[in-house]
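K.L.:
fold the following for me, if possible:
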Amino acid sequence: MPALWIAHVTVTDAEAYAKYAELAGPAIAKHGGRFIARGGRFVQLEGRERPRNVVATFPDVDSAVACYHSPEYQEALGHARGASERELMVVETTE
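P.N.:
Okay, the predicted model is just below:
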């Protein structure tokens, strides 16, 4: 089943986070992921609001998790740590 990678982010250091974004995109694509929402308009209805929300679709949960643990993504993530507050989850879809 396909899976969604959902991130809710507050960027605290735009310059460092830009480096993360530059490296994360190719890492995600390498694992079959593609962005379907990236920082667009949103309406917070419940919970903690984060100004940046990103959704990528992957072929399956295992591909999304493998991406997260890959050396390429971990290198990118090194730039996000300390430059953002974020939550990230992978959710299997029903379609």
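K.L.:
might you report the residue contacts of the closest residue to Ala76 other than its chain neighbours?
P.N.:
What sits nearest to Ala76 in space, not counting adjacent residues and going by CB to CB, 6 or more residues apart in numbering, is Leu23, at 3.6 Å. For the C-beta atoms, the positions are set from N, CA and C on the backbone; glycine is no exception. With contact set as CB atoms under 8 Å, 6 or more residues apart in numbering, Leu23 has these partners: Glu72, Glu75, Ala76, His79.
K.L.:
name the element the second one belongs to?
P.N.:
Counting by DSSP states H and E, the secondary-structure element that holds Glu75 is helix 71-80.
K.L.:
before we move on, the earlier item: helix/strand/coil for the residue nearest to Ala76?
P.N.:
helix (DSSP: H, G, I helix; E, B strand; the rest coil).
K.L.:
list the buried residues in the helix or strand that contains Val9.
P.N.:
Secondary-structure assignment from DSSP H and E places Val9 in strand 3-11. Neighbour-count burial for strand 3-11 flags Ala3, Leu4, Trp5, Ile6, Ala7, His8, Val9, Val11 (criterion: 16 or more other CB atoms under 10 Å).
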